Structures are given as structure tokens and as C-alpha cells.
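*Asks:* what would the 3D arrangement of this be:
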Amino acid sequence: MGIIGTIVVGLVVGLIARALHPGRDSMGIIMTVILGIGGALLAKYAGQFLHLYTEGQSAGWIASIVGAIVLLVIYGAIKRNRAA
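*Replies:* This is a model prediction of the structure:
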């Protein structure tokens, strides 16, 4: 997949993850794309570690969204600790 395809998939995954995650997430479009791409990478490497995916196989949509939600939870915890 090219760079444009990666950005589009990252945007879609990031938007879905932000819609499913409860609470207010104040981040722009670029951070949403980075969130989606990071979620897909997290899902890919976690799946390879658990032997769910083979080397070179990418994660599916649902796993990518779950990975992005995990990143949102971590981001929220870090943001909450800095505010306190």
C-alpha cells in the first residue's frame, strides 16, 4: 500500500476509534491519522507476537481500531497525569 493509502486508512481507523472511545478527545486531523496508523502498527506487531499474523501480514480493520482505542486510553492517562 502506498503512502496515500496508508494515510486514508489511518484517517478512517482514527475516526472510528475516536467515535467509539467515550469522552472528549481534543486532537486535530493529523493526530487522528497518526492515531490510526499507530493503532494499525500496534495491532500488527501484537498479532505477530501472539502468532495471530505471519511476518509481513497486516492487521485487519477491527484489530486496527482496537489498537487505536488502546492508544487513546494510554494518551488519555498520560494527559490526565500531566494535568494533575
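*Asks:* sketch out the low-pLDDT regions of this structure for me.
*Replies:* 1, 84 (pLDDT under 70).
*Asks:* report the buried residues of the longest helix belonging to the chain.
*Replies:* Identified as the longest helix of the chain according to DSSP state H is helix 61-83. Buried positions in helix 61-83, judged by neighbour count with 16 or more other CB atoms under 10 Å: 63-72, 75. For the C-beta atoms, the positions are set from N, CA and C on the backbone; glycine is no exception.
*Asks:* closest to Gly2 among the residues you listed?
*Replies:* Ser64 (17.3 Å; CB to CB).
*Asks:* isn't the closest one right up against Gly38?
*Replies:* No. Ser64 lies out of contact with Gly38 (CB atoms under 8 Å); the separation is 9.6 Å.
*Asks:* any idea how far the nearest residue in space to Ala17 that is not next to it in sequence is from His51?
*Replies:* Excluding its sequence neighbours, the residue lying closest to Ala17 (CB to CB, 6 or more residues apart in numbering) is Ala68, at 3.5 Å. Using CB to CB, to the nearest Å, one gets 22 Å for the distance from Ala68 to His51.
*Asks:* ditto for Ala17
*Replies:* 25 Å.
*Asks:* which one of those two has more residues nearby?
*Replies:* Neighbours were counted for Ala17 and for His51 using other CB atoms under 10 Å; Ala17 has more, 23 against 7.
*Asks:* what helix or strand is that one on?
*Replies:* Using DSSP states H and E, Ala17 sits in helix 3-20.
*Asks:* other SSEs contacting that helix?
*Replies:* Contacts defined by 3 or more CB pairs under 8 Å, 6 or more residues apart in numbering; DSSP states H and E place helix 3-20 against helix 29-49, helix 61-83.
*Asks:* of these, which is nearest Gly23?
*Replies:* Once the helices and strands packed on helix 3-20 are compared by CB to CB, helix 61-83 is nearest, at 6.8 Å.
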